[in-house]
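Undergrad: what's the 3D shape of this:
(one chain, ligands or ions: 1)
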Amino acid sequence: MSNPLFFICYLFPFIIFSHASKNNSDEFNELPEFHVNLEIRNLPNGKYSMYFDDMEKAAKTFESVMNDKEFQKELLELNFHFDTENDPNKVLSTAQIVSKIYDAKEENGDSGTISTADIYWILKKAKPRAKWKGINGYRNKGSKFINTYSYYFRNSLSSNNKHDIVGHLAHEWSHTLGFLHKNKPHDNRSKTVPYAFGNLVKKHAKKYQN
Ligand SMILES: [Zn+2]
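TA: You can find the predicted model right below:
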């Protein structure tokens, strides 16, 4: 045991090996485990309660995607575009934006739990004009609620496009973190945080669609 060769032969490989495995875990585990906390707002007449199970499933799928390593890798490779003047997020790097998303500090209705999305979700009947324009839903500035149109929700379920709902949920939720985009369509709108993040969630949600 006192032979110094013991250290060279037995301890060095151990030190090198443990160092290598540490690097490995840094690379693959840098984002925290993510949780989704869903609260569904029930309408007084119980309307749309038949969709509550599907809303729960969509929120669970969103959680699975956020913890999906392939999704995280692609998210960290995105180049975001900012189309709104005085947007304070403009100065953030992709890594900082991703870290802001995973911190999940909503502007309103934050339970204070780190890396937990607090989602307040309501289904609503769309006005004919919104339906005609193909609008999925909306969020009023400063409100914690995500409003989704029932016609869009129902159509997505019946056309086997549940992953689209998950992308929509991610898009609207990112607004509660303060990410913005212009309403008017333009060439780079798909690169704004809500659209790019929502579309990537939608893409990976397909794997979890059930
Ligand atoms: Zn939006």
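Undergrad: Next secondary structure after the helix-or-strand element of the chain with minimal mean pLDDT?
TA: Taking mean pLDDT, DSSP states H and E as the measure, the chain has helix 12-28 as its least confident helix or strand, at a mean of 45. Following helix 12-28 in sequence order, the next helix or strand is strand 35-40 (DSSP states H and E).
Undergrad: The following helix or strand past that next one packs against which elements?
TA: Once the chain leaves strand 35-40, the next helix or strand it forms, by DSSP H and E, is helix 52-66. Packing contacts for helix 52-66, counted by 3 or more CB pairs under 8 Å, 6 or more residues apart in numbering; DSSP states H and E, involve strand 35-40, strand 116-124, helix 162-176, helix 193-205. Just so you know, the C-beta spots here come from the backbone N, C-alpha and C atoms, and that holds for glycine as well.
Undergrad: residues in contact with helix 52-66?
TA: With contacts defined as CB atoms under 8 Å, 6 or more residues apart in numbering, helix 52-66 is touched by 34-36, 38, 40, 71, 102, 117, 119, 121, 123, 153, 157, 162-163, 165-166, 169-170, 173, 201, 204-205, 208-210.
Undergrad: what about the residue nearest the centre of the chain, distance to Y51?
TA: Closest residue to the average C-alpha location of the chain: A170 at 4.5 Å, with CA atoms, centre = their mean. Distance of A170 to Y51, given as CB to CB, to the nearest Å: 18 Å.
Undergrad: Show me which of the contacts of helix 52-66 are buried.
TA: 34, 36, 38, 40, 71, 102, 117, 119, 121, 123, 153, 162-163, 165-166, 169-170, 173, 201, 204-205, 208 (16 or more other CB atoms under 10 Å).
Undergrad: just to revisit the earlier point, select, out of the helices and strands packed on helix 52-66, the one closest to K182.
TA: Checking these against K182 by CB to CB gives helix 193-205 as the closest, at 10.6 Å.
Undergrad: got the angle for that closest one vs helix 52-66?
TA: Interaxial angle, helix 193-205 versus helix 52-66 (axes from the mean of the first three to the mean of the last three CA atoms, to 10 degrees): 100 degrees.
Undergrad: Not counting its own residues, what contacts helix 193-205?
TA: With contact meaning CB under 8 Å, 6+ apart, helix 193-205 is reached by 61-62, 65-66, 68, 70-71, 74-75, 78, 80-81, 89, 97, 101, 162-164, 166-172, 174-175, 179-181, 189-190.
Undergrad: Of these, which count as buried by neighbour count?
TA: Buried among the contacts of helix 193-205 by 16+ other CB under 10 Å: 61-62, 65-66, 68, 71, 75, 78, 80-81, 89, 97, 101, 162-164, 166-172, 174-175, 179-181, 189.
Undergrad: ok, R154 - contacts?
TA: Shown in contact with R154 (CB under 8 Å, 6+ apart): Y51.
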